[in-house]
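In: I need the structure of the sequence given here:
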Amino acid sequence: MVRRYRLRPQWGITILIVLSFGACTALAAHRAATTDRGLVIDGIITLGPGGASTFFAVLAVVSAAMTVLGLAANLRLALATLEVVVDADSIRIPGSLFRPGARTLRFAEVGRVQVQEVGGQAFVFLATATRKASVARLTIGPAAFDELVRLIEERVAAARAA
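Out: The predicted structure follows:
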């Protein structure tokens, strides 16, 4: 039996990312263009007016990049059909934005299956001797995530027993 789990964009989070990093971009760009004073960072680093402008300019560029990356990742999920595919022997997980090739892991080779919560987000991590992959709960939904974890654990256990 083949089971497919479609990855879906999270538009609510994307809107928050765009608003947050967009506001940071605007504020940092404004500060870079208008600052006439230095900047003291945590009482450790002291920058003059030129250094402060450079700091704010770099912050603006990084914030703008985060905005673009958030949009690009979700547009990729919306426009392409990306799925986690589980069959009797293996799991195929789509690649990321920067490594788009899918990764296929055979259950017989999986040495570790671990569910971890990071910042309130759950991930299932799979590792073989040479490869690793993960799926986030947010990308497939809570019910599908729980089913996927159970299915992976069953298939890995069956492959080890064989």
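
In: those strands in the chain, which residues are they?
Out: 3-6, 39-41, 45-47, 83-86, 90-93, 103-106, 112-118, 121-127, 132-136 (DSSP state E).

In: Could you dump these into CSV with mean neighbour count, distance to Ala26 and mean pLDDT added?
Out: In this view, the C-beta of every residue, glycine as well, is placed from N, C-alpha and C. As requested, the strands of the chain are exported to CSV (neighbours: other CB atoms under 10 Å; distance: least, CB to CB, whole Å; pLDDT from 0 to 100):
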stretch, mean neighbour count, distance to Ala26, mean pLDDT
strand 3-6, 15, 35, 92
strand 39-41, 13, 18, 89
strand 45-47, 13, 21, 91
strand 83-86, 19, 37, 92
strand 90-93, 19, 36, 92
strand 103-106, 16, 38, 91
strand 112-118, 11, 29, 91
strand 121-127, 17, 27, 93
strand 132-136, 17, 29, 89
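
In: Pull the contacting residues for the residue of the chain positioned farthest from its centre.
Out: No residue in the chain sits farther from the centre than Asp36, which is 37.5 Å out by CA atoms, centre = their mean. By CB atoms under 8 Å, 6 or more residues apart in numbering, the contact set of Asp36 is Pro49.

In: follow-up on the earlier one: I'd like the strands of the chain as TSV, with distance to Val18 appended.
Out: Formatted as TSV, the strands of the chain follow (distance: least, CB to CB, whole Å):
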stretch	distance to Val18
strand 3-6	23
strand 39-41	27
strand 45-47	29
strand 83-86	26
strand 90-93	26
strand 103-106	29
strand 112-118	22
strand 121-127	19
strand 132-136	19
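
In: right, and those - which one's nearest Leu59?
Out: strand 39-41 (10.8 Å; CB to CB).

In: Direction included, what does that closest one pair against?
Out: According to DSSP bridges, strand 39-41 has the following sheet partners: strand 45-47 (antiparallel).

In: what's next to the strand it pairs with, contact-wise?
Out: Gly38, Leu39, Val40, Ile41, Thr54, Phe55.

In: Could you check how far Arg37 is from Ala144?
Out: 52 Å (CB to CB, to the nearest Å).
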